[in-house]
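**Q** Make a model of this:
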Amino acid sequence: MPAPVSAMILAGGQAARMGGQDKGLIALGDRPMVEHVIRAIAPQVEHLAISANRNHARYAKFGYPIIDDESIGHQGPLAGIAAGLGWSPTEHLLIVPCDTPLLPSDLPARLLAALGEGDLAVVHDGERLQATHALVRRRCLPSLQRFMAGGGRKVDQWYAELDQHVIDCSDQRALFINVNTPMERDSMEQQLNSTAGDCGHDVPSLSVEQALRHMLDAVSPITGYRQLALRSALGQILAKPVTASAAVPANDNSAMDGYAVRTADAALPALKLIGSAFAGHPFTSTLDAGECVRIMTGGVIPTGADAVVMQERATHENETVVINQWPAPGENIRRAGEDLQAGDIILPAGRRITAADLGLIASTGQAEVTTWRPLRVAFFSTGDELRSLGEVLTAGQIYDSNRYTLYGMLTNLQVEIIDRGVVKDDETALTHALDECAADADVVLTSGGVSVGEADYMVKLLRAYGEPHFWSIAMKPGRPLTFGRYREAWYFGLPGNPVSAMATFSQMVAPTLRKLAGAGQPWQAPRFYMPCLSALKKKPGRQEFQRGRIITTETGERAVESVGRQGSGILRSMSEANCFIVLPADADDVPAGSQVEVEPFTLT
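**A** Numbers count the residues shown, from 1 in each chain. Below is the predicted model:
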């Protein structure tokens, strides 16, 4: 596991070339500059804070701790770094300035890899040292305090006293551009606008892992539970643990058909048969020397017996039993409480109840369980081109398939579904639909309309009435995804392409919905490796979820093969597949016979 990282955004500068304005709060596009930095960094770290020496109330609105660096005794980056090291909940602190709105999606990971056992890892962009883009160990705080107490003010001079590791980020030089002047601000705004036209995102692509971690960190399980009769609880999530009210089994009992005996009688030539013990019909007397009892599987062990002889290892004639092979003491006896002890937690809170669980709960005599109420999910599709089933298509129109695939996957998650149909690309209609969904449900889910096009209003509405996080995810299929809040509901905006919608739902939305519904970990589907019979085409850059089939070969071995065409609009590929073939972002073409990671479908 990578070491946890905290981040401090340095917003305490004087911005002399910007007329003394608080640079982090200067508008860049439709939001303050620091918000761009937050959106780029927050998904990559465990904790985040802002170092500032003015406008604390305005910075606090972003929802992160504000660390005042005025108490350090002077202004400048070192003051912010010192404040950050004093605050950091983790050993590793990432520092970034508030005026670099474009930042790599793997910055902490690269710095951690370069740091090793050193004190500091700092970025070099190929032209110069980026001193305020660095990873510093918390243990360096005393060194920094001594340096500043001695009059030191320059960051690079302090770095020179440390075990410093420089990483080459020349391949990402454009992402470390600082905005220091009004002209640079205008240039950056043009750059953000040009990249946003791609898919509505103004930060570099996040990895699937980073985006999912941010989603899971953001949400907490719903509240509200209910008592259900046991037969009605299948597939529901336990809100409270189930404990055993008594031992299971309640008595020592036989593990097989045979004879209950005293092993102390092993020297005797024969035993007297004095009775029988069947499941539900125990032998109520005591077994004395030279005696045995016929017993069946599940029968209570008679008082005095200490072993059971398999019936195949004994000869029975009239009332006499000859033991041909004596058991050891305790052999073939299932002890009381062997399965469960009274008070044992047999199923934890957060478990989704299976058929086996129903039987296990029933074995303890409990007729009801406490489960979380179902998560309520409202969803609709957007697009003037979409038509419902039964309507006649005209030129440029298509049937809405996404609502049916999403309905199926939501049903498999055991959530309460509210289907709002198809909503036209009209701002008033979309606002009304979103308001209704948010009022009725815990989660609003849409497909289509999350990129920035002439007729896509969703981004505008989320910014007006919610708290959006727009991501360009390094995932194929499924680059655009929107996550955030619309009013009081959580919001997920999926791509419009059918396969992209299903892939992003299974990889991003489903794990988050499981956590919201109260399910315990793991929230993601299991994966494993197996040989791939097909050669796979891939370009480095994005993690790919190609559709495949797990098969049994003629030699009886398990393997996976591609279903063929992998376009994001080819829904047939999902129907013919039974798994995703998961290819890492940095992977290239995969030769046939290679070991690949496979994730079986769990929701389709």
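**Q** contacts and neighbour counts: CA atoms only from here.
**A** Noted.
**Q** Low-confidence regions, the stretch 201-350 of the chain specifically.
**A** Counting by pLDDT under 70, the ranges of the stretch 201-350 of the chain that qualify are 201-205.
**Q** first vs last residue of stretch 342-350, how far apart are they?
**A** One end of stretch 342-350 sits 21 Å from the other (C-alpha to C-alpha, to the nearest Å).
**Q** can you check stretch 326-344 too?
**A** Stretch 326-344: ends 35 Å apart by C-alpha to C-alpha.
**Q** Off-centre distance for that stretch?
**A** Averaging C-alpha positions (C-alpha atoms, centre = their mean, to the nearest Å) puts stretch 326-344 40 Å from its chain's average.
**Q** list the buried ones in it?
**A** Residues of stretch 326-344 classed as buried under the neighbour-count rule (16 or more other C-alpha atoms under 10 Å) are 326, 327, 331, 332, 333, 334, 335, 336, 340, 341.
**Q** How about stretch 25-41?
**A** By 16+ other C-alpha under 10 Å, the buried positions in stretch 25-41 come out as 25, 28-29, 32-41.
**Q** can I get those residues in JSON lines with pLDDT and distance to residue 582?
**A** Converted to JSON lines, these look like this (pLDDT from 0 to 100; distance: C-alpha to C-alpha, whole Å):
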{"residue": "25", "pLDDT": "86", "distance to residue 582": "41"}
{"residue": "28", "pLDDT": "79", "distance to residue 582": "37"}
{"residue": "29", "pLDDT": "72", "distance to residue 582": "36"}
{"residue": "32", "pLDDT": "85", "distance to residue 582": "37"}
{"residue": "33", "pLDDT": "86", "distance to residue 582": "36"}
{"residue": "34", "pLDDT": "89", "distance to residue 582": "35"}
{"residue": "35", "pLDDT": "88", "distance to residue 582": "33"}
{"residue": "36", "pLDDT": "86", "distance to residue 582": "30"}
{"residue": "37", "pLDDT": "90", "distance to residue 582": "30"}
{"residue": "38", "pLDDT": "90", "distance to residue 582": "29"}
{"residue": "39", "pLDDT": "85", "distance to residue 582": "27"}
{"residue": "40", "pLDDT": "86", "distance to residue 582": "25"}
{"residue": "41", "pLDDT": "88", "distance to residue 582": "26"}
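**Q** With respect to residue 448, which of the buried residues of stretch 326-344 is nearest?
**A** residue 340 (50.8 Å; C-alpha to C-alpha).
**Q** Mind telling me the two of the buried residues of stretch 25-41 farthest from one another?
**A** Of all pairs in those, the most separated under C-alpha to C-alpha is 29 and 41 at 18.3 Å.
**Q** Tell me which other helices or strands the strand or helix carrying residue 597 touches.
**A** Using DSSP states H and E, residue 597 sits in strand 595-600. When contacts are defined as 3 or more C-alpha pairs under 8 Å, 6 or more residues apart in numbering; DSSP states H and E, strand 595-600 sits against strand 528-531, strand 579-583.
**Q** List the pairing partners of the shortest one within its sheet, with orientation.
**A** Looking back up the chat, that one is strand 528-531. Here strand 528-531 has these sheet partners by DSSP bridges: strand 595-600 (antiparallel).
**Q** how far out from the middle of the chain is the partner strand?
**A** Centroid separation for strand 595-600 versus its chain: 18 Å, with C-alpha atoms, centre = their mean.
**Q** Mind checking the pLDDT average for that strand?
**A** Here strand 595-600 scores 96 as its mean pLDDT.
**Q** do stretch 78-93 as well
**A** 92.
**Q** In that stretch, which residues are buried?
**A** Using 16+ other C-alpha under 10 Å as the test for burial, stretch 78-93 gives 78-85, 87-90, 92-93.
**Q** Okay, domains of this structure per the record?
**A** What the record gives for the chain is the domain set 5-204, 225-242+344-372, 253-334, 376-516, 528-600, from automatic domain parsing.
**Q** Any chance of the buried residues of stretch 78-93 in TSV with secondary structure and distance to residue 588 as columns?
**A** Shown next, in TSV, are those (DSSP: H, G, I helix; E, B strand; the rest coil; distance: C-alpha to C-alpha, whole Å):
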residue	secondary structure	distance to residue 588
78	helix	43
79	helix	45
80	helix	42
81	helix	40
82	helix	43
83	helix	44
84	helix	40
85	helix	40
87	helix	42
88	coil	39
89	coil	38
90	coil	36
92	strand	33
93	strand	34
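**Q** with those residues in mind, which one is nearest to residue 368?
**A** Closest to residue 368 out of those is residue 89 (43.1 Å), distances taken as C-alpha to C-alpha.
**Q** wait, what's in contact with the closest one?
**A** Residues counted as contacts of residue 89 (C-alpha atoms under 8 Å, 6 or more residues apart in numbering) are 6, 47.
**Q** Which residues does the helix or strand harbouring residue 165 contact?
**A** Element membership of residue 165 [criterion: DSSP H and E] is strand 164-168. Strand 164-168 is contacted from outside by 110-111, 114-115, 118-126, using C-alpha under 8 Å, 6+ apart.
**Q** partners of it, with directions?
**A** Paired with strand 164-168 in the same sheet, following DSSP bridges, are strand 120-124 (parallel).
**Q** export the helix or strand following the partner strand as CSV, just CAs?
**A** Going down the chain from strand 120-124, the next helix or strand is strand 129-137, by DSSP H and E. Coordinates of each C-alpha in strand 129-137 appear next as CSV, following Å, rounded to 0.1, in the frame of the first residue of the first chain:
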residue,chain,number,x,y,z
LEU,A,129,13.2,23.6,-10.2
GLN,A,130,9.6,23.9,-9.2
ALA,A,131,10.4,24.5,-5.5
THR,A,132,6.7,24.8,-4.4
HIS,A,133,5.8,21.5,-6.0
ALA,A,134,7.3,19.1,-3.6
LEU,A,135,6.8,16.2,-1.1
VAL,A,136,8.3,16.9,2.3
ARG,A,137,8.5,14.6,5.4
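**Q** who does strand 129-137 touch, helix- and strand-wise?
**A** Packed against strand 129-137 by the contact rule (3+ C-alpha pairs under 8 Å, 6+ apart) you find strand 92-97, helix 107-115, strand 120-124.
**Q** redo that, cut-off 10 Å
**A** With contacts taken as 3 or more C-alpha pairs under 10 Å, 6 or more residues apart in numbering; DSSP states H and E, strand 129-137 sits against strand 5-10, helix 77-87, strand 92-97, helix 107-115, strand 120-124, helix 155-159, strand 164-168.
**Q** Out of these, flag the one nearest residue 376.
**A** Among the helices and strands packed on strand 129-137, the nearest to residue 376 by C-alpha to C-alpha is strand 5-10 (33.9 Å).
**Q** I'd like to know which elements that closest one is packed against.
**A** Helices and strands touching strand 5-10, by 3+ C-alpha pairs under 10 Å, 6+ apart, are helix 33-41, strand 47-52, strand 66-68, helix 77-87, strand 92-97, helix 107-115, strand 129-137.
**Q** How far off centre is it?
**A** For strand 5-10, the distance to the chain centre is 23 Å (C-alpha atoms, centre = their mean).
**Q** just stretch 207-225 next, same as before
**A** Using C-alpha atoms, centre = their mean, the offset of stretch 207-225 from its chain centre is 7 Å.
**Q** just stretch 150-165 next, same as before
**A** Relative to its chain's centre, stretch 150-165 lies at 40 Å (C-alpha atoms, centre = their mean).
**Q** Next: stretch 426-444.
**A** Using C-alpha atoms, centre = their mean, the offset of stretch 426-444 from its chain centre is 26 Å.
**Q** in that stretch, what counts as buried?
**A** Counting neighbours by 16+ other C-alpha under 10 Å, one finds that the buried residues in stretch 426-444 are 430, 431, 433, 434, 435, 437, 438, 439, 441, 442, 443, 444.
**Q** counting contacts, what elements does the one helix or strand residue 357 maps to pack onto?
**A** Per DSSP H and E: residue 357 is located in helix 355-363. Packing partners of helix 355-363 (3+ C-alpha pairs under 10 Å, 6+ apart): strand 242-243, strand 345-347, strand 368-372.
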